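*Asks:* prediction below, plus the sequence it came from.
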Amino acid sequence: MNPAKMELVSSWLAKAIDDLESARVLGTCDPPHYETGVYLCQQAAEKALKGFLTYRDFPFEKTHDVAKLLEVAAKIEPPFETWRDAAENLTPYATAFRYPSHREPPKLEAFEEAWVDAETIYRQVLAYLPDVIHPVRDPRSDS
C-alpha cells in the first residue's frame, strides 16, 4: 500500500478511536453527557467504515449515514451485513442531539447500546485491515 493511502486510512481509524474514547469518557463522567456521547459513537462508526472503504479503494458519497456506509462495506465483505441493526441504531445520532430540540435526551441504556454498536463496527473494520494500520490504543483502556 502506498504511504499516502496508508496514512489516510490510519487517520480515519485514529479519529474513530478518539471518538470512541471520548464517548466513553462523556458517558461515564459525573454528570454523564449522553447526548454528546451517542453522537461520538455514531461518528466513530462512520469514520471506521470510511477508513475501511478507503483501504479497499471503494468510493463512498459524503454522508453521515452509517447504515449506507455499512451497506457499501457489505458489498465488499458480506459479513458486515451482520451489523445492520447497529448501523441503523447509530445513524440518527449524527443529528438528533447536535442542536436544541424538544427531544428527550438519551438515557444510560441508549448510550451503552450506542457505544457497544460503535465499538463492534470499529472492531469489525479492524478485523478486515492489516495490523500495521491499526491504532495502538484500545477504546476500553483508561489511557
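*Replies:* Received the coordinates, thanks.
*Asks:* farthest residue from the center of this structure?
*Replies:* His102 (25.8 Å; C-alpha atoms, centre = their mean).
*Asks:* phi and psi next, for it.
*Replies:* Dihedral angles phi and psi of His102 (degrees, to the nearest 10) take the values phi -100, psi 10.
*Asks:* again with Lys107
*Replies:* Per degrees, to the nearest 10, the backbone of Lys107 is at phi -100, psi 180.
*Asks:* from Val66, how far off is it?
*Replies:* To Val66, Lys107 is 21 Å away according to C-beta to C-beta, to the nearest Å. Every residue, glycine included, has its C-beta placed from N, CA and C.
*Asks:* ok, then the element right after the helix ranked longest in the chain?
*Replies:* Looking across the chain with DSSP state H, the single longest helix is helix 3-28. Next helix or strand after helix 3-28 toward the C-terminus (DSSP states H and E): helix 34-55.
*Asks:* what is that next one packed up against?
*Replies:* For helix 34-55, the elements it packs on are helix 3-28, helix 66-76, helix 84-90, helix 108-127, judged by 3 or more C-beta pairs under 8 Å, 6 or more residues apart in numbering; DSSP states H and E.
*Asks:* save those as CSV, and put in distance to His134 too.
*Replies:* Output for the helices and strands packed on helix 34-55, formatted as CSV (distance: least, C-beta to C-beta, whole Å):
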stretch, distance to His134
helix 3-28, 7
helix 66-76, 17
helix 84-90, 20
helix 108-127, 6
